[in-house]
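**Student:** coordinates for the following, if possible.
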Amino acid sequence: MYYIKKKMCRKIVLFLSLVFFVSAQLKAEVGTSFKYNGYLGGMMIHSGYLSSDEFDIFDSNNQIVGRKKIEACPVGIGGVFKVFIGENFRMGFDGGITMLKLDDYGSSSTIGFGGILVGANLNFKKFSPFFETALHFGTLKNTILLDSPKDDFIVEKNVLIKNTKYRSLVPSIGLEYGASEKIRLLLKSDYIIPLSEKDADFVTGVRIYLGILFTHLK
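**Tutor:** Numbers count the residues shown, from 1 in each chain. Predicted structure coming up:
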């Protein structure tokens with residue numbers, strides 16, 4: 001119980017820090033030029049390292065038949081669209097899919113995600129470092145095989161499929177480089193923090209993104 005309360009306190013502190021950060025940025029923008037200043041959107045690919053806790057796998061008689069920990073370097077793709085408010089504030093939405101191959105049996109983990117984001121950036125000539133936080137809603141699907149499939153069109157016994165709907169807070173930090181007036185290159189890293197009750201098979205960790213973005217600034 002103490003551990004759960006401690007984790008919840010950390011999430012509350014993180015959320016309040018985000019609110020304070022965004023409020024301060026909004027106040028600064030309102031004091032200067034709080035107005036629509038263009039938009040940005042594009043596609044990203046990502047990898048990184050994600051892992052879960054260890055968890056037991058049970059058969060239909062509630063007997064333990066295996067133990068598993070999900071950990072792998074994922075591959076994924078996604079998109080983003082953001083609107084610039086003033087010079088340094090941005091908000092919008094993003095989404096995508098992250099896929100992990102877990103072993104030679106064909107086990108896999110797939111994360112579908114999407115949600116809203118807010119953030120702020122600085123401008124140094126062609127470089128724009130930024131900090132953002134997204135609120136994601138999605139589904140995690142884990143397919144665990146305890147043995148190699150025997151043949152096509154045969155029902156397998158040692159297979160576990162689990163779907164979990166979740167909410168997560170995803171802070172990120174990154175850098176955009178203006179390759180031209182209309183095109184920016186993106187390098188970004190984020191971290192998945194579950195807001196829903198975390199099951200042992202839920203994967204968290206760092207993802208690294210590379211992307212190309214198209215901009216239209218006023």
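**Student:** quick one, strands of this structure?
**Tutor:** In the chain, the strands defined using DSSP state E lie at 36-58, 64-72, 75-85, 89-101, 108-121, 127-145, 159-178, 183-191, 193-194, 204-217.
**Student:** between those, which one is closest to Phe153.
**Tutor:** Across the strands of the chain, Phe153 has its closest neighbour in strand 159-178 (14.4 Å, C-beta to C-beta). From N, CA and C alone the C-beta is placed, and that goes for glycine too.
**Student:** now the closest one: mean pLDDT?
**Tutor:** If you average the pLDDT over strand 159-178, you get 92.
**Student:** quick one on the thing from earlier: weakest of the strands of the chain by average pLDDT?
**Tutor:** Mean pLDDT is lowest for strand 64-72 among the strands of the chain, at a mean of 87.
**Student:** what strands flank that strand, and is each parallel or antiparallel?
**Tutor:** Here strand 64-72 has these sheet partners by DSSP bridges: strand 36-58 (antiparallel).
**Student:** buried residues in the strand it pairs with, which are they?
**Tutor:** Buried residues in strand 36-58, counted by 16 or more other C-beta atoms under 10 Å: 37, 39-42, 44, 46-48, 50, 52, 55, 57.
**Student:** can you check stretch 134-144 too?
**Tutor:** Applying 16+ other C-beta under 10 Å to stretch 134-144 flags Ala134, Leu135, His136, Phe137, Gly138, Leu140, Asn142, Thr143, Ile144 as buried.
**Student:** ok, the closest residue to Lys141 other than its chain neighbours - contacts?
**Tutor:** Nearest residue to Lys141, sequence neighbours excluded (C-beta to C-beta, 6 or more residues apart in numbering): Thr110, at 4.7 Å. By C-beta atoms under 8 Å, 6 or more residues apart in numbering, the residues touching Thr110 are Ile97, Thr98, Met99, Leu100, Leu140, Lys141.
**Student:** for Ser108, list each beta-bridge partner.
**Tutor:** Beta-bridge partners, per DSSP bridges, of Ser108: Lys101, Thr143.
**Student:** how much space between it and Ser168?
**Tutor:** 20 Å (C-beta to C-beta, to the nearest Å).
**Student:** tell me what Phe55 is bridged to.
**Tutor:** Under DSSP bridges, the beta-bridge partners of Phe55 are Lys68.
**Student:** equivalent analysis for Tyr177, please.
**Tutor:** Phe127, Leu185.
**Student:** let me see the contact set for it.
**Tutor:** By C-beta under 8 Å, 6+ apart, the contact set of Tyr177 is Lys126, Phe127, Ser128, Arg184, Leu185, Leu186, Leu187.
**Student:** that older thread, any chance of CSV for the buried residues of stretch 134-144, columns distance to Ile77?
**Tutor:** Shown next, in CSV, are the buried residues of stretch 134-144 (distance: C-beta to C-beta, whole Å):
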residue, distance to Ile77
Ala134, 16
Leu135, 21
His136, 15
Phe137, 18
Gly138, 14
Leu140, 17
Asn142, 20
Thr143, 20
Ile144, 24
